[in-house]
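>>> structure here, sequence nowhere to be found:
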């Protein structure tokens, strides 16, 4: 069941001293609850659409699947509230994945809390990517322009992020948009996972905004050896990419780009 | 103890066929744990600095303080991990605020889950803002340019969001930057809270990016009657602003802007 991803509202557009009342298209933002074998894991604000991919991708990149395959993904209809069942998605592993604890309780005060500790946690469950073929910079330079025509929701609303998987020629093979940057990446990873294409060794990951720690974490989990961001990376994103063996390219605009990792 | 908010790394800058290795400045991203009366509430990835404001502002805008005043805010030193104590902040109310439950468990499956439900939850604890004086559009049109000179971290790194409180003349009275959009708003609200300036009836809230549901939620909780965003609002942000009695202005650039609420 396709749900609307944009909504029309009336808006007063002002330009200098002139004003007119016109319809405007906005990106839809709705909460979605993600469950693993019917146990609540998290709630995220997202743009409806590709919800199964989002749920599967989030659980995979966040480590909850623990290597177990996905048996099924479904909406949970919850009773009388109209439509609310389409905001709750459960990913099934037949109970093989460990029962999720709410994420908060996984932070323990005894282990310290800092960027290095976050990175160390990650390195415990992920191994560095090795022997990945490096995609030449002149190929990477084309990706932003190649993804742009597929950013339908951005064109309509200007209020949404995109993520894409691209091949060794820089061609996008999968583009997803969402009000949340992380969600767009999870939708890409979720699709690849459900198609049996993880680890994504032959593909690069494009993000339309910045590269934070969590974006690089998701790329690492999915096996992307290249991450290309239109905007800036954070310090922890660079540290993580260097530990992961990921080529991290930022400010990818026109014929300019910055290579932050390998260092 | 001031911690660094930017970090220098060596980067390969490419422009066409030329490349050079130069130092680049990145925004620092580190996890911070927020506690209420020593009980864990959440962990957020943030840029260090104004940590007390972030903790107090988050707990206030998210409803955890339940109207109780803040007695003290402090870092929790946790033992041997160097510096990790500066990533854990506890806000004290002398135990008067309700003991926090981890946020996840507050989502119940029985109540439905959708944008309207999120808005209804909010309307249960917040009353609409009334009789707020409307700030003229020609004043609002100046705010983005007036905030820009105070966006030091953006100037250095290009990878950070800003939020500001501004007065009826459009002058910023407080500007905060953070790798996370919500954090920048929480830092502004937290400062006002600690200064006894909440509800912020006389002030407007500026955000350098988009206006999502959570940004408008935070503005409502803090009593800002005007929210000015440089980029697009979401559909749920507009619904929430209309319910709250907040004037929501988006795409505030040069002499153009869009007024989304009141409708």
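Perfect, I can see it now. None of these values were measured; they are calculated from a predicted model. Numbers count the residues shown, from 1 in each chain, chains lettered A, B, ... in the order given.
>>> how far away is residue A:201 from chain B?
Distance, residue A:201 to chain B, by C-beta to the nearest C-beta, to the nearest Å: 23 Å. For every residue, glycine as well, the C-beta is placed using N, CA and C.
>>> you'd agree that residue is in a strand?
No. Using DSSP: H, G, I helix; E, B strand; the rest coil, the assignment for residue A:201 is coil, not a strand.
>>> that one and residue A:226, how far apart?
10 Å (C-beta to C-beta, to the nearest Å).
>>> check residue A:29 too.
Distance, residue A:29 to residue A:226, by C-beta to C-beta: 30 Å.
>>> who's more crowded, these two?
Each of residue A:29 and residue A:226 has its neighbours counted (other C-beta atoms under 10 Å in any protein chain shown); residue A:29 has more, 29 against 25.
>>> now the more buried one: how far from chain B?
4 Å.
>>> isn't that residue right up against residue B:235?
Yes. The pair residue A:29 / residue B:235 is scored as a contact, 6.2 Å apart, by C-beta atoms under 8 Å.
>>> is it true that residue A:114 touches residue B:30?
Yes. Using C-beta under 8 Å, residue A:114 is in contact with residue B:30, at 6.0 Å.
>>> look up phi and psi at the most centrally placed residue in chain A.
Most central in chain A under C-alpha atoms, centre = their mean is residue A:185, positioned 1.6 Å from the mean C-alpha point. Main-chain dihedrals, residue A:185, degrees, to the nearest 10: phi -70, psi -40.
>>> return the residues in contact with it.
Residues in contact with residue A:185 (C-beta atoms under 8 Å, 6 or more residues apart in numbering or on different chains) are A:57, A:61, A:163, A:205, A:207, A:215, A:218-219.
>>> quick check: beta-bridge partners of the nearest residue to it once chain neighbours are set aside?
Distances taken as C-beta to C-beta, 6 or more residues apart in numbering or on different chains put residue A:163 closest to residue A:185, at 4.5 Å, once the chain neighbours are dropped. Here residue A:163 shows beta-bridge partners residue A:176, residue A:207, assigned using DSSP bridges.
>>> next: residue A:23.
Beta-bridge pairing for residue A:23 (DSSP bridges): residue A:10.
>>> so it is in contact with residue A:10, correct?
Yes. The pair residue A:23 and residue A:10 qualifies as a contact (C-beta under 8 Å) at a distance of 6.0 Å.
>>> buried stuff in the helix-or-strand element of chain A with minimal mean pLDDT?
Here the helix or strand of chain A ranked lowest by mean pLDDT, DSSP states H and E is helix A:115-125, holding a mean of 81. For helix A:115-125, the neighbour count (16 or more other C-beta atoms under 10 Å in any protein chain shown) marks A:115-119, A:122 as buried.
>>> same for that helix, what does it pack against?
Identification of packing neighbours for helix A:115-125 by 3 or more C-beta pairs under 8 Å, 6 or more residues apart in numbering or on different chains; DSSP states H and E yields helix A:213-222, helix A:235-244, strand B:30-36.
>>> for chain A, just list every one of the helices.
Assigned by DSSP state H, the helices in chain A fall at A:51-61, A:115-125, A:137-147, A:152-157, A:181-194, A:213-222, A:235-244.
>>> that older thread, the residue nearest to residue A:185 and residue A:170, how far apart?
If you go by C-beta to C-beta, the gap between residue A:163 and residue A:170 works out to 15 Å.
>>> those two: which has the busier surroundings?
Neighbours were tallied for residue A:163 and for residue A:170 using other C-beta under 10 Å; the higher tally belongs to residue A:163 (28 against 21).
>>> I'd guessed that one sits against residue A:188; true?
Yes. Contact criterion C-beta under 8 Å: residue A:163 and residue A:188 qualify, at 4.8 Å.
>>> mind listing the shared neighbours of those two?
A:175-176, A:205.
>>> any weak-confidence spans in chain A?
Low-confidence segments of chain A, defined by pLDDT under 70: A:1-2, A:77-85, A:102-113.
>>> one more pass at 80, please.
Residues of chain A meeting the criterion pLDDT under 80: A:1-3, A:77-85, A:101-118, A:131-132, A:263.
>>> ok, back up a step: can I get the contacts of residue A:185 in a markdown table including distance to residue A:71?
Formatted as a markdown table, the contacts of residue A:185 follow (distance: C-beta to C-beta, whole Å):
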| residue | distance to residue A:71 |
| --- | --- |
| A:57 | 16 |
| A:61 | 19 |
| A:163 | 26 |
| A:205 | 26 |
| A:207 | 30 |
| A:215 | 28 |
| A:218 | 22 |
| A:219 | 26 |
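>>> just the buried ones from those residues, in PyMOL syntax?
In PyMOL syntax, the buried subset of the contacts of residue A:185 is picked out as below (16+ other C-beta under 10 Å):
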select buried, chain A and resi 57+61+163+205+207+215+218+219
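>>> make CSV from the helices and strands packed on helix A:115-125 and add distance to residue B:259 to it.
Output for the helices and strands packed on helix A:115-125, formatted as CSV (distance: least, C-beta to C-beta, whole Å):
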stretch, distance to residue B:259
helix A:213-222, 33
helix A:235-244, 36
strand B:30-36, 34
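>>> if we can go back for a sec, ok, the shared contacts of residue A:163 and residue A:188 vs residue A:88, which is closest?
The closest of those to residue A:88 turns out to be residue A:176 (C-beta to C-beta; 20.2 Å).
>>> contacting residues for the closest one?
By C-beta under 8 Å, 6+ apart, the residues touching residue A:176 are A:50, A:53, A:162-164, A:184, A:187-188, A:191.
>>> closest one to residue B:231 out of those residues, please.
Using C-beta to C-beta, the contacts of residue A:176 come closest to residue B:231 at residue A:162, 14.7 Å.
>>> the closest one and residue A:208 touch, don't they?
Yes. Look at residue A:162 against residue A:208 with C-beta under 8 Å: they come within range, at 4.2 Å.
>>> of those two, who's got more company?
Higher neighbour count among residue A:162 and residue A:208: residue A:162, with 25 against 21, using other C-beta under 10 Å.
>>> so how far is chain B from that one?
For residue A:162, the distance to chain B - C-beta to the nearest C-beta - is 14 Å.
>>> and that residue, how far is that from residue A:200?
Going from residue A:162 to residue A:200 by C-beta to C-beta gives 17 Å.
>>> what is the neighbour count of residue A:132?
For residue A:132, using other C-beta under 10 Å, the count is 17.
>>> quick one on the thing from earlier: who touches both of residue A:201 and residue A:226?
In contact with both residue A:201 and residue A:226: residue A:132, using C-beta under 8 Å, 6+ apart.
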